[in-house]
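1. need a 3D model of the following:
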Amino acid sequence: MITSTSLVRLGAVLMLGAASLAQANAGDSESGQRLTRQWCVSCHVVGGGDRGTDAAPPLPVIAQQQGTDPQWLKAWLVAPHPPMPNLHLSRQEIDDISAYLASLRQR
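-> The predicted structure is shown next:
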């Protein structure tokens, strides 16, 4: 028989597991910034003093746009659409770049 105490314990375990999973997928914004300076700066303005092309929006602008939440950004980086090249980023690199772009949104 399942008691209310058992349900509370199960809920606590599930919440801790979800929090751990979210933490693991959070990404490192500093690493993301380094990656954008390595991979994105030839087309996008990444930060102050960078030069991108006229065709690609600056990353701070992308970060501020409505609808560009972390899940959307991750999906875009997993399967980018032309004219953006497929950089074959790892899941960790995608998490890091998404964390960096999220940090730009908070500024």
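2. right, and the helix or strand after the helix or strand bottoming out on mean pLDDT in the chain?
-> Taking mean pLDDT, DSSP states H and E as the measure, the chain has helix 4-24 as its least confident helix or strand, at a mean of 43. On the C-terminal side of helix 4-24, the nearest following helix or strand under DSSP states H and E is helix 29-39.
3. pull out the buried residues from that next one.
-> Under the neighbour-count criterion of 16 or more other CB atoms under 10 Å, helix 29-39 has 29, 31-33, 35-36, 39 buried. Every residue, glycine included, has its C-beta placed from N, CA and C.
4. who's in contact with that helix?
-> Applying CB atoms under 8 Å, 6 or more residues apart in numbering, the contact partners of helix 29-39 are 44, 46-47, 50, 59, 87, 89, 93, 95-103.
5. out of the residues you listed, which sit inside helices?
-> Among these, the residues falling in helices (DSSP state H) are 59, 93, 95-103.
6. buried members of these into ChimeraX, please.
-> Filtering the ones in helices among the contacts of helix 29-39 down to the buried ones (16+ other CB under 10 Å) takes a single ChimeraX command:
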select :59,93,95,96,97,98,99,100,101,102
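7. which of the ones in helices among the contacts of helix 29-39 lies closest to residue 69?
-> residue 102 (8.5 Å; CB to CB).
8. which residues sit in contact with that closest one?
-> Going by CB under 8 Å, 6+ apart, residue 102 touches 29, 63, 70, 73.
9. if we use 6 Å, what do you get?
-> residue 70 (CB atoms under 6 Å, 6 or more residues apart in numbering).
10. same question, residue 100
-> With CB under 6 Å, 6+ apart, residue 100 has these contacts: 29, 32-33.
11. quick one: it from residue 60, how far?
-> 11 Å (CB to CB, to the nearest Å).
12. what do you get for residue 81?
-> Shown here: residue 81 relative to residue 60, a distance of 21 Å by CB to CB.
13. what about these two, which has more around it?
-> residue 60 (16 against 7; other CB atoms under 10 Å).
14. tell me the contacts of that one?
-> Residue 60 neighbours (CB under 6 Å, 6+ apart): residue 104.
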